[in-house]
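Student: The sequence and its predicted three-dimensional model are supplied below.
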Amino acid sequence: MADNTSLTGASLLVDALQANGLNNMYGVVGIPVTDFARLAELKGMKFYGFRREDSAVNAAAAAGFLTGKPGVALTVSAPGFLNGLTALAQATKNCFPLIMISGSSDRHVIDLDRGDYEGIDQYNVAKPFCKAAYRVDRAQDMGLAVARAVRTAVSGRPGGVYLDLPAATVTDTVAQKSDANIYKVVDAAPKQLPSDDAIDRAVELLKNAKHPVILLGKGAAYGRGEDEIRELVDKTKIPFLPMSMAKGVVPDDSPSSAASARSLSLGQADVVLLIGARLNWMLSNGEAPLFREDAKFIQVEIDATEFDSNRKIDAPLQGDIKSVLQKLVPAIEEAGIKAPQDWLDLIAQDSKKNNDKFSARISASEAKPTLGYYSAIEPINDLMQKHPDTYIVSEGANTLDIGRNLIGMQKPRHRLDTGTWGVMGVGLGYAIATAVETGKPVIALEGDSAFGFDGMEMETICRYHLPVTVVIVNNGGIYNGDVNVVPDQLGPTVLSHDAHYGDISKAFGGDSYRVNNYAEMKDALEKAYKSGNPTIIDAQIPASMGKESGHIGNLNPKLDLSAL
Ligand SMILES: Cc1ncc(Cc2csc(CCOP(=O)(O)OP(=O)(O)O)c2C)c(N)n1
Ligand SMILES: [Mg+2]
């Protein structure tokens, strides 16, 4: 490399990323970042080129969730930056750490609105949608810029950071490398421990609880609290419920799981221990009838402003999950706290009733000559029990909801899905990063509409020959494929039902299967898993299957269209 290149902003940016242990970059190149990406590869980084920026930034977000280090994404300016912005906002909402770097225009061109090629004020546009935005205008500031981006992304409540990289900075130089002051951030995410009083307050509440329950959020998975949480559950037998991306923090087949008795366990709980879970829309904002009006809440949360966001928190425990639990669990054990047996019996009874109903639904679906949601997805559950180190990514509505309940997870951070906002189009980007970061097989369980949001990334999966099996449950529509209100129009939710999505995989050298019943689905999944090849499995189900908005239809504003 020419000596002066090593003194450019571009080269110093790569040095600073590598100094902080960041070696993978997910992006879409073009003016003004193409040579920057080439330089990154020449200096030993791995660059993964995508077909669209939101998928690349989603991939970086997934990398952040899985590794605990910020994922790194790269986009071009203006339209590329804006395409990535949704994923940057989604990562911030999910509390996944990532750094999105976008090429941009020089300030003097933007500030005089002189009309640049792809020119917008990205630095200011990004601010409302991420944890912080920084702009680096001088090569000499590169060490500081990356240090701030790394620390901001992972400290406190993790999130997305935007790093604005003007074209001029890419080629700006320093006299010597030391001028850029490149260093590895010291203790980027410092431990935060709760006070002894806070611990005592929580223990006191649990001591007197008749119906305690533990609610695990994706923060418990990200915070790597599984050892402490498993010990807490094993020692106290307090029933737990995982939110979807917390599945596997404690194995779903644990006898203390109350997931099958969700309404009863939450609706009758008198003390709720929230670990890395926010009382937002996914938990009815903490309100009745999901929870008792008189329930008491203990909340383990790193961001103190989250407490009382929706209802009074009686015992706030501020700190990082692991540090809080390393103080809380021994104190609970010392107090000899155990869940009352009558409460456990009540939950076990309700779980058995619901599990029997669920099993009957699965068996009935498997026995049918055609495929349904249950018979299409149950083979994935079977495979997961045999190979628990496989990763699951999922999106859709009914496909997502049924899959969440049907697929048992044994390990933490092995399931990624649409997250807090329920965003479609995350699946393939998440699957790519999961395969890259872990080297393990990934099953992406997709609704047919969801797949359409980022289906072109199948080319990316094939190009890097990743062990990703995409199962598309095709009911020919958003939620279903046969509802339309005007006879001579297709209807807003209808998509192609007789579709051969598998041909998209074949187009790029991947494998494909089209299955119409349980046996064919089982067989295709086994073959795809064993092959390690990029694969699409088209799982055809009737267009009539699927409820509007899956399990969250209650959020739809209802109009009376019958009179029209
Ligand atoms: C970026 C974005 N745009 C639209 C939507 C709204 C939506 C929620 S779920 C969904 C797809 C449901 O159909 P699918 O076929 O995937 O699954 P199934 O129920 O089994 O038929 C859409 C379009 C969201 N959440 N995000
Ligand atoms: Mg569908």
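Tutor: All right, it came through fine. Ligands and ions are numbered 1, 2, ... in the order given.

Student: Which residues are in contact with residue 344?
Tutor: With CB atoms under 8 Å, 6 or more residues apart in numbering as the criterion, the residues that contact residue 344 are 237, 239. The C-beta positions use only the backbone N, C-alpha and C, and glycine is treated the same way.

Student: pLDDT score for it?
Tutor: At residue 344 the predicted local distance difference test score is 98.

Student: In which helix or strand does it reside?
Tutor: Here residue 344, judged by DSSP states H and E, is contained in helix 341-367.

Student: Toward the C-terminus, what is the element adjacent to that helix?
Tutor: Per DSSP H and E, the first helix or strand lying C-terminal to helix 341-367 is helix 373-386.

Student: Enumerate the residues of the stretch 451-564 of the chain near ligand 2.
Tutor: By the criterion of CB under 5 Å from the ion, the positions of the stretch 451-564 of the chain lying close to ligand 2 are residue 475.

Student: show me where the stretch 451-564 of the chain has strands.
Tutor: 468-474, 511-515, 535-540 (DSSP state E, counting those that start in this stretch).

Student: so what strands line up beside the first one?
Tutor: Strand 468-474 sits in its sheet next to strand 442-447 (parallel), strand 535-540 (parallel), going by DSSP bridges.

Student: any chance of those strands in a markdown table, plus mean pLDDT, mean neighbour count and distance to residue 328?
Tutor: Output for the strands paired with strand 468-474, formatted as a markdown table (pLDDT from 0 to 100; neighbours: other CB atoms under 10 Å; distance: least, CB to CB, whole Å):
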| stretch | mean pLDDT | mean neighbour count | distance to residue 328 |
| --- | --- | --- | --- |
| strand 442-447 | 98 | 29 | 34 |
| strand 535-540 | 98 | 27 | 44 |
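
Student: can you redo those as CSV with distance to residue 364?
Tutor: Rendered in CSV, the data for these read as follows (distance: least, CB to CB, whole Å):
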stretch, distance to residue 364
strand 442-447, 21
strand 535-540, 17
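
Student: what's the closest non-adjacent residue to the most far-flung residue of the chain relative to its centre?
Tutor: Note on the chain: the largest C-alpha distance from the chain mean falls to residue 175, namely 42.5 Å (CA atoms, centre = their mean). When the adjacent residues along the chain are set aside, residue 175 lies closest to residue 7, with 7.4 Å between them (CB to CB, 6 or more residues apart in numbering).

Student: now residue 135
Tutor: The shortest distance from residue 135 to any residue that is not its chain neighbour, by CB to CB, 6+ apart, is 3.8 Å, and that residue is residue 164.

Student: now for the helix or strand encompassing that neighbour, which elements pack on it?
Tutor: Applying DSSP H and E as the criterion places residue 164 in strand 160-166. In terms of contact count using 3 or more CB pairs under 8 Å, 6 or more residues apart in numbering; DSSP states H and E, strand 160-166 is assigned the packing partners helix 79-94, strand 98-104, helix 122-126, strand 132-135, helix 142-154.

Student: So which of those has the densest surroundings on average?
Tutor: Counting by mean count of other CB atoms under 10 Å, strand 98-104 has the highest mean neighbour count of those, with a mean of 30.

Student: about what we covered before: redo the helices and strands packed on strand 160-166 as CSV? Include distance to ligand 2 and mean pLDDT.
Tutor: What follows is the helices and strands packed on strand 160-166, written out as CSV (distance: least, CB to the ion, whole Å; pLDDT from 0 to 100):
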stretch, distance to ligand 2, mean pLDDT
helix 79-94, 21, 98
strand 98-104, 29, 97
helix 122-126, 33, 97
strand 132-135, 36, 98
helix 142-154, 35, 98
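
Student: Looking at those, which is nearest to residue 246?
Tutor: Closest to residue 246 of the helices and strands packed on strand 160-166, according to CB to CB: helix 79-94, at 12.4 Å.

Student: quick one: least confident helix or strand in the protein?
Tutor: Of the helices and strands making up the chain, the lowest-confidence element is helix 107-111, at a mean of 89, by mean pLDDT, DSSP states H and E.

Student: returning to that earlier point: could you check how many residues crowd around the residue nearest to residue 135?
Tutor: Per other CB atoms under 10 Å, the neighbour tally for residue 164 reads 26.

Student: any idea what sits nearest residue 170, other than its immediate chain neighbours?
Tutor: That would be residue 10: by CB to CB, 6+ apart, it lies 4.7 Å from residue 170.

Student: contacting residues around that neighbour?
Tutor: Each residue near residue 10 by CB under 8 Å, 6+ apart is listed here: 35, 36, 39, 170, 171.
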